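Participant: Need a 3D model of the following:
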Amino acid sequence: MRRDRAPAIIIWTLADGKIDAAIVYCSGRDRYGRLSADTAFVDFPEALQVGPQYGLAVLKDAKPAAMLLALTILSPEGQAILARNGFKPVGLPASR
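Facilitator: Predicted coordinates:
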């Protein structure tokens, strides 16, 4: 299944009664909501919210624009963009 068609196919199979529920990424919530106004979204209980963990690295021989991109992502503005799209903000790791 092509990724760009997945939301429409999932909404169709829900409406058709072929499936009762679907697990989707929070970042896709708006897309699914636009396809079906009567779709209900329920967050997982806190204990089940494991979510993916993403890494960010800049190679030592990278072009300066790569470091600028990384700093932009980590900036307050970059974090706000990620938050608006369903991602949790990043922070420094807890000290041991």
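
Participant: Not counting its own residues, what contacts stretch 23-35?
Facilitator: Surrounding stretch 23-35, the residues in contact under the criterion C-beta atoms under 8 Å, 6 or more residues apart in numbering are 7-8, 10-11, 39, 41, 85-87. Heads up, the C-betas are built off the backbone N, CA and C, glycines and all.

Participant: Any idea which of these the model trusts least?
Facilitator: Comparing pLDDT over the contacts of stretch 23-35 singles out G86 as the least confident position, at 76.

Participant: And the nearest residue in space to that one that is not next to it in sequence, how close does it get to I19?
Facilitator: The shortest distance from G86 to any residue that is not its chain neighbour, by C-beta to C-beta, 6 or more residues apart in numbering, is 3.5 Å, and that residue is C26. Using C-beta to C-beta, to the nearest Å, one obtains 19 Å as the distance from C26 to I19.

Participant: And for L69?
Facilitator: Distance of L69 to I19, given as C-beta to C-beta: 38 Å.

Participant: And what about the residue nearest the centre of the chain, helix, strand or coil?
Facilitator: Taking C-alpha atoms, centre = their mean as the criterion, S27 is the residue nearest the geometric centre of the chain, at 3.4 Å. Here S27 takes the helix state, with states given by DSSP: H, G, I helix; E, B strand; the rest coil.

Participant: coming back round to it: among the contacts of stretch 23-35, which lie within strands?
Facilitator: By the criterion of DSSP state E, membership of the contacts of stretch 23-35 in strands covers no residue at all.
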